[in-house]
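> Here's my sequence, what's the structure:
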Amino acid sequence: MAWGALDPVSAQATRASRARPGPRDARAHATFPAMPVDILAIAAHRDDVELTCAGTLLRARDAGYRTAILDLTAGEMGTRGSAELRAREAAEAAKVLGVQERRNAGLPDAHLQNDDAARRVLVEHIRHFAPRVVILPFSIGRHPDHRIASEVGRDACYLAGLARYPAPGTPHRPVKILYALAYREDPVKPTFVVDISAQFERKLNAIRCYSSQFDGVKGAGEIFPTGQDLYSLVETQNSHYGSLIRRRYGEPFFTYETMVVDDVVKLEGQSM
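Predicted structure coming up:
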């Protein structure tokens, strides 16, 4: 599957048809003009996207696609730092990643629920971004927020396409939902791995924006439970997934549906 398979329109057409405002971290329920993007990454906490799929967002941006991030909570329950500090760090990371916009849904940290109120909030944001591709956390995780973010994100992607669903914005349903598999402790096999070798150093730079969370940290809960230096573990983990596709660094993804291949002759990744 080629990188371009994620979006049938060319990067050139995307650049020509859409203006590029700068990134911004919007307050919950803030209203902005609709700004379609190609890829929207949704995660429970500020820094989750950086750890799991920042390289993929960077690669998409390098190819001319429009990217955005929706953090569901402000991270106010975190042991380190504060919600205000993490907001500043998230804004800096957004600049590194080159996203068009970064929003925060304002949902309660450590208390995410897949209920009607939360789904309505997400539907409004999804209709605002009108993405073709949505990246979600994987649906299994020790942290309840990660698991719920996956569930409510998927449900909201469907509901956002219902014409009569009572939420602001024009109905829109993403074409593709991808689940970021990075840092899984169970043996889930990726559907595919994105080569982020050219983007890895910038991914690290985005992660380093969260100095309040990661500087001097030896392990970080579900993401890095081994007690090793966190930044070294990012490299080790991305190297592992890169090795699966014979590349230096990679990020793994899972899809529940079977992927389409147009040309088997052009498939990459040697079998032997």
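> Assign a three-state SS to the residue nearest in space to the middle of the chain, would you?
Centrality entry for the chain: nearest residue to the mean C-alpha point is residue 41, 3.0 Å, by CA atoms, centre = their mean. Following DSSP: H, G, I helix; E, B strand; the rest coil, residue 41 is assigned to strand.
> how about it, what does it touch?
Contacts of residue 41 were listed using CB atoms under 8 Å, 6 or more residues apart in numbering, and they are 49, 53, 57, 67, 68, 69, 70, 134, 135, 180. To be clear about C-beta, it is placed using only N, CA and C from the backbone, and glycine gets the same treatment.
> Just send these back as CSV, with pLDDT and secondary structure too.
Below are those laid out as CSV (pLDDT from 0 to 100; DSSP: H, G, I helix; E, B strand; the rest coil):
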residue, pLDDT, secondary structure
49, 97, helix
53, 98, helix
57, 98, helix
67, 98, strand
68, 98, strand
69, 98, strand
70, 98, strand
134, 98, strand
135, 98, strand
180, 97, strand
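> ok, now how distant is residue 131 from residue 175?
9 Å (CB to CB, to the nearest Å).
> er, residue 234 I mean
30 Å.
> Looking at those two now, which is surrounded by more residues?
Neighbours per residue (other CB atoms under 10 Å) separate residue 234 from residue 175, with residue 234 holding more: 24 against 12.
> Measure how far the one helix or strand the more buried one maps to is from the centre of its chain, please.
Taking DSSP states H and E as the criterion, residue 234 maps to helix 230-244. In terms of CA atoms, centre = their mean, to the nearest Å, the centre of helix 230-244 is found 18 Å from the chain centre.
> buried ones in that helix?
Buried residues in helix 230-244, counted by 16 or more other CB atoms under 10 Å: 230, 233, 234, 237, 238, 241, 242.
> show me where pLDDT drops low in the chain?
1-35, 79, 81, 216-228 (pLDDT under 70).
> just to revisit the earlier point, now the element after the helix holding residue 234, going C-ward?
Per DSSP H and E, helix 230-244 leads on to strand 250-254 as the next helix or strand towards the C-terminus.
> quick one: the residue nearest to the centre of the chain from residue 185, how far?
The gap separating residue 41 from residue 185 is 21 Å, by CB to CB.
> Kindly report the same for residue 104.
Residue 104 is 28 Å from residue 185, by CB to CB.
> okay if I get the buried residues of helix 230-244 as CSV plus distance to residue 196?
Shown next, in CSV, are these (distance: CB to CB, whole Å):
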residue, distance to residue 196
230, 18
233, 16
234, 11
237, 12
238, 7
241, 9
242, 8
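> What is the most widely separated pair among those residues?
230 and 242 (18.5 Å; CB to CB).
> Counting neighbours, go ahead and name the busier of residue 104 and residue 185.
Between residue 104 and residue 185, counted using other CB under 10 Å, the more crowded position is residue 104 (23 against 10).
> C-terminal to the host helix or strand of that one, what's the next element?
For residue 104, the host element (DSSP H and E) is strand 101-107. Going down the chain from strand 101-107, the next helix or strand is helix 116-129, by DSSP H and E.
> For that following helix, buried residues please.
Per 16+ other CB under 10 Å, helix 116-129 contains these buried residues: 118, 119, 120, 121, 122, 123, 124, 125, 126, 127, 128, 129.
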